[in-house]
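**Student:** give me coordinates for this.
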Amino acid sequence: MQEIILAQDIENKYSKKEILEMYFNSVYFGEGAFGIENAAHIYFDTSAKHLSLAQAAFLTALLPSPSRFSPYTGDIHQAYRQQKIVLQKMLDQHYITNNQKEKAEKEKLTFHPAPPIMNVTAPHFALMVRDILIKKYGEEYLVRSGIQVTTTLDLNWQKKAENAVANQIKDLQNQHATNGALVAMDPKTGDIKALVGSVDWFNHKFGTINMAITPRSVGSSFKPIVYASAFEERLISPATVLHDQPTNFNGNYAPHDYDYKFRGNVLVRRALANSLNVPAVEVMQKVGVPATIEMAKRLGISTLKDPSNYGLSLVLGSGEVKLLELTNAYTTFANNGVRPDPRMILSISDKHGKTVFTSSVKTSQELSPQVSFLISSILSDNNARREEFGNLLTISRPAAVKTGTAEDYKDSLTVGYTPSLTIGVWVGNNDNSSMDTVAGSLGAAPIWKELMESYLADTPIEHFSPPLGIARASVCPNGSLALDSARTASSNAEYFIPGTQPPTLCLTPDLQPTTTFFSIKSAPSPTPFPSTMLEKRKVLPHPHSEVKVNSSSAENKKF
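**Tutor:** Below is the predicted model of the structure:
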């Protein structure tokens, strides 16, 4: 109502030309420029009366969204498209001729050097916060209001992250790696504690591009999402036998492992921990592309849409994902299946110091604690992954971690977590050129390890504890359950969602395999994660307990 009354009052007092003049002398053009005279100096180092047609049309094109169209921090190509719209409107309304329009469109604009930014630390993070505020309040109000924003960023962590990325890229420069990005999050709250968008903001080729939110191929770091879907659908357990052998899937896709070797039958734990490709594609075939994309969406990944655009290679990272969203997906595993929304702003105060906004933690239960625990158990198993990775991913405390390497070494990733911290790292080249054999474990992992150790120093060591509804049993190398008498140095304790334990026992001289020994079913329960019962033998005293069976020879012979 106020605007209606003011508009009528202005119309009665001023002509259209005067109103337009007042508007152009006060409107916000971005980059701290209010009014056309100020904008002409900031963008082109000239006065308004000396602007060329091309320059004037460009500045006019900025007005709908100065930050989005900024030639310094926004999408300049979109700004040029807006400029052409302005010129076409001027032609349509007979302010310019067609020759003037064509000449202006061909004119190459030279911009005055960008004004210095206030944030020399975390510029990409600051711009992301700015974009959130613009969406919430509008750009002009944001610039004029003098609000103060408290963010989630830890400046000490940020400086350590920037140094770690810069040092690693310097070490890898001879291997044609030029850029890196990083996201560190609190998996309980979603707070972004550190964010590096590029190795050097002032790099004129790619520095201002935020690679933390730029979709890239994530390689094998996508595999846990597929395995999580398979666990949830009870298609596999950690002891399911997969087949690492030459396989032609659907008659037209024959993947190979990273080292071009085949290991024959392998259990799920070994396959995922060592990032074996052929077994991963086997799991992908069980799950299917639509279910995989649905799981990715549940975990906060927005870039994978139409299932028809992808095939089985999706499990190996053929789809492009943002590092921030991938890191957020891993926070779900770290947080017992609860995914927090990424958070950057804690509170906002007006220019008088009065708090006008306080953010809340927003979470959603996207996985069961049991599925999340199985992923964490496998990804934190130092012994299981030693076959392929040695100690490259091992730190001084339990941590779940997965690497990813895109085809032709175009992207190198490592994403890992403890219950209190998730860090995702990308190393690569903005132009999508290949690096010289820089795998995830060699390119991104050193940054991840350094910061994990630094950030968590002097904090309590945390473990991934089995939740209620997880059973534990010993398994033999062939994936069968092991009785006390059948256990050997090669048998291992494994975790299961009840009902997914192997149906057969290990072969021993006194014991033949059976498919009737274990029959586990879910008992009625008001909770979404039901208790379990072991029939024919005994009820498990506690979901965390190890499955034990009387192993006397007389008893065994009955089976």
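**Student:** who are the contact partners of residue 69?
**Tutor:** Residue 69 makes contact with 30, 61, 62, 75, 76, 78, 79, 82, according to Cβ atoms under 8 Å, 6 or more residues apart in numbering. C-beta here means a position set from N, CA and C on the backbone, and glycine is covered the same way.
**Student:** for it, what are phi and psi?
**Tutor:** Main-chain torsions, residue 69, degrees, to the nearest 10: phi -100, psi 10.
**Student:** for residue 184, see how far away it is.
**Tutor:** 31 Å (Cβ to Cβ, to the nearest Å).
**Student:** confirm that residue 129 sits in a helix.
**Tutor:** Yes: assigned with DSSP: H, G, I helix; E, B strand; the rest coil, residue 129 falls within a helix.
**Student:** doesn't residue 151 make contact with it?
**Tutor:** Yes: contact criterion Cβ atoms under 8 Å: residue 129 and residue 151 qualify, at 5.8 Å.
**Student:** what's the overlap in contacts for these two?
**Tutor:** By Cβ under 8 Å, 6+ apart, the residues touching both residue 129 and residue 151 are 344, 345.
**Student:** circling back: in helices, which of the contacts of residue 69 fall?
**Tutor:** Among the contacts of residue 69, DSSP state H puts 61, 62, 76, 78, 79, 82 in helices.
**Student:** gap between the first one and residue 114?
**Tutor:** Residue 61 sits at a distance of 18 Å from residue 114 (criterion: Cβ to Cβ).
**Student:** neighbour count: the two, which is higher?
**Tutor:** Higher neighbour count among residue 61 and residue 114: residue 61, with 21 against 15, using other Cβ atoms under 10 Å.
**Student:** which other helices and strands does the helix or strand encompassing residue 99 contact?
**Tutor:** Assessed by DSSP states H and E, residue 99 sits inside helix 98-106. Under the contact definition 3 or more Cβ pairs under 8 Å, 6 or more residues apart in numbering; DSSP states H and E, helix 98-106 sits against helix 53-62, helix 76-92.
**Student:** most tightly surrounded among those?
**Tutor:** Between these, helix 53-62 has the highest mean count of neighbours, a mean of 22, where neighbours are mean count of other Cβ atoms under 10 Å.
**Student:** where does residue 193 fall, phi/psi-wise?
**Tutor:** Here residue 193 shows phi and psi, under degrees, to the nearest 10, equal to phi -90, psi -20.
**Student:** pLDDT score assigned to the residue nearest to residue 58 when sequence neighbours are not counted?
**Tutor:** Of all residues not flanking residue 58 in the chain, residue 83 sits nearest, at 4.8 Å (Cβ to Cβ, 6 or more residues apart in numbering). Residue 83 carries a pLDDT value of 95.
**Student:** in terms of contact, does residue 83 touch residue 55 like I think?
**Tutor:** No: under the criterion of Cβ under 8 Å, residue 83 makes no contact with residue 55, lying 9.5 Å away.
**Student:** how far does stretch 5-19 stretch from start to finish?
**Tutor:** End-to-end distance for stretch 5-19, by Cα to Cα, to the nearest Å: 15 Å.
**Student:** need the residues that contact it.
**Tutor:** The contact list for stretch 5-19 (Cβ under 8 Å, 6+ apart) reads residue 22.
**Student:** picking up where we left off before, and the helices and strands packed on helix 98-106 as a markdown table, adding distance to residue 449?
**Tutor:** Output for the helices and strands packed on helix 98-106, formatted as a markdown table (distance: least, Cβ to Cβ, whole Å):
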| stretch | distance to residue 449 |
| --- | --- |
| helix 53-62 | 44 |
| helix 76-92 | 38 |
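**Student:** out of those, the one nearest residue 143 is which?
**Tutor:** helix 53-62 (13.5 Å; Cβ to Cβ).
**Student:** hmm, who's touching the closest one?
**Tutor:** Contacts of helix 53-62 (Cβ under 8 Å, 6+ apart): 29-30, 36, 39-40, 43-44, 46, 51, 69-70, 79-80, 82-83, 85-87, 90, 96, 100, 103-105, 107, 109.
**Student:** low-confidence stretches in this structure?
**Tutor:** Counting by pLDDT under 70, the ranges of the chain that qualify are 115-119, 483-491, 507-559.
**Student:** run through who's touching stretch 371-388.
**Tutor:** Outside of stretch 371-388, the residues that reach it under the criterion Cβ under 8 Å, 6+ apart are 224, 227-228, 231-232, 238, 258-259, 268-270, 272-275, 332-337, 391, 393-394, 398-402, 416-417, 464-467, 470, 495, 497.
**Student:** could you rerun that using 7 Å?
**Tutor:** 224, 227-228, 231-232, 238, 269-270, 272-275, 332-333, 336-337, 393-394, 398-402, 464, 466-467, 470, 495 (Cβ atoms under 7 Å, 6 or more residues apart in numbering).
**Student:** for residue 107, the count of nearby residues, please.
**Tutor:** By other Cβ under 10 Å, 14 other residues sit near residue 107.
**Student:** tell me the contacts of it?
**Tutor:** 52, 54.
**Student:** if we can go back for a sec, what is the nearest of the contacts of residue 69 to residue 284?
**Tutor:** In terms of Cβ to Cβ, no member of these lies closer to residue 284 than residue 75, at 35.2 Å.
**Student:** what distance do you get for the closest one to residue 26?
**Tutor:** To residue 26, residue 75 is 25 Å away according to Cβ to Cβ.
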